[in-house]
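**Q** Sharing a model prediction with you, sequence too.
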Protein chains: 2
Amino acid sequence: MKRDSRLSAVLHALLHMAERDTPMTSDALAQCLGTHPVVVRRTMGLLREAGLVTADRGHAGGWRISADLTKVTLRQLHEALGEPALFAVGNRSEHPSCLVEQVINAALDTAFADAEALLLQRFESVTLAALAADFTRRHGAHRSRHRHEA
Amino acid sequence: MKRDSRLSAVLHALLHMAERDTPMTSDALAQCLGTHPVVVRRTMGLLREAGLVTADRGHAGGWRISADLTKVTLRQLHEALGEPALFAVGNRSEHPSCLVEQVINAALDTAFADAEALLLQRFESVTLAALAADFTRRHGAHRSRHRHEA
DNA sequence: TTTCATGTAACAAACGATGTTACGTTAGTG
DNA sequence: CACTAACGTAACATCGTTTGTTACATGAAA
């Protein structure tokens, strides 16, 4: 099954942007993500509509983060992307007339609802700032060493 | 994203089979499920390989449940189907060279792992017998009323 | 031996995510 | 004012996966 990787992609983009203080163009982000600039605009556009980033046109334009990194959670990003379905398995029909299928749907639905609640709760507990800090913690020494060499 | 509905489908088939004491043909099941007999054989074949059902050819042939309904859990069915991916969202690449993406993957992976563990635990706690009983509880009165009318 | 059934391979259709092209719009630069 | 750099967006192409379908082989019972 083909997985939706946009959440992973926007995280990747946002963390790269957080490492800089100048805007990043769609072309630059596309190169980071190994994709096409139009795909970047399409996906980042959803974050713009949610007020998380801004895009400036023309010279020296590009994408900038417009929200507080300590306030933005994975859940907000998930919502900004339109809350795509989290599960790759599910019921055959959502409102079946067959009584057997109604029982099955009820059983599966509660299981999936519980798992979804847990997942969203985890999403809510992770901020962009935490991820950025995690990055610095894991690779900060590496980077500062390079900076000293330069 | 297109959802894998085979777990739901085999549950539907098994519960219909549990309601009878004679084998059901692929054509009969296909009619129940609104699909094609070959799809039924393809999917039920996985359950046969797992030892959960048997298939007899020729006259009066068809599919029969060969396992104890109180022992078969949703998790076993999920495994019998080859443990298809449960989530529709995920990482862009599983082993990225980009350090940023490694941090993102780590964060997402733990969240998804926790949710998957919960979901599988729920699957493990539901037996076919429990679903069948649930069916009888919810619709048994309805059925016996019909039986009396007939 | 005919009919009913599964087993399986090969192919077709449908769908969704992603990639691409094309063109429009806006903003800075010379 | 023309030029260039960037986003905005619609339309189309591509790719992979799931599901549906056809065709044919195999086995069992009447």
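**A** Looks like it came in fine.
**Q** Only C-alpha atoms from now on, for both contacts and neighbour counts.
**A** Fine.
**Q** Looking at the lengthiest helix in chain A now, give me its mean pLDDT.
**A** For chain A, the helix with the greatest residue count under DSSP state H is helix A:99-124. Helix A:99-124 shows a mean pLDDT of 93 in the predicted model.
**Q** Next up, phi/psi of the closest residue to A:Val126 other than its chain neighbours, please.
**A** Distances taken as Cα to Cα, 6 or more residues apart in numbering or on different chains put A:Thr73 closest to A:Val126, at 5.4 Å, once the chain neighbours are dropped. When read as degrees, to the nearest 10, the backbone of A:Thr73 gives phi -110, psi 170.
**Q** could you list every residue that touches the spatially closest residue to A:Ile65 that is not a sequence neighbour?
**A** If you skip the residues right next to it in sequence, A:Ile65 has A:Val53 as its closest partner in space, 4.3 Å away by Cα to Cα, 6+ apart. Neighbour list for A:Val53: A:Met44, A:Leu47, A:Trp63, A:Arg64, A:Ile65, A:Ser66, A:Ala67 [criterion: Cα atoms under 8 Å, 6 or more residues apart in numbering or on different chains].
**Q** among those, who's most crowded?
**A** By neighbour count, taken as other Cα atoms under 10 Å in any protein chain shown, the most surrounded of these turns out to be A:Met44 (25 neighbours).
**Q** isn't it right next to A:Val10, touching?
**A** Yes. At 7.1 Å, A:Met44 counts as touching A:Val10 under the criterion of Cα atoms under 8 Å.
**Q** re earlier: now that we're looking at the residue nearest to A:Ile65, what pLDDT does it have?
**A** Model confidence at A:Val53, expressed as pLDDT, equals 96.
**Q** any weak-confidence spans in chain A?
**A** Along chain A, the model assigns pLDDT under 70 to residues A:1, A:140-150.
**Q** number of nearby residues for A:Glu49?
**A** Other residues lying near A:Glu49 total 12 when counted by other Cα under 10 Å.
**Q** Nearest spatial neighbour of it, chain-adjacent residues omitted?
**A** Nearest residue to A:Glu49 in three dimensions, chain neighbours excluded: A:Ala80, at 7.7 Å (Cα to Cα, 6+ apart).
**Q** wait, isn't the one you found in contact with A:Ala50?
**A** Yes. Counting by Cα under 8 Å, a contact exists between A:Ala80 and A:Ala50, whose distance comes to 5.7 Å.
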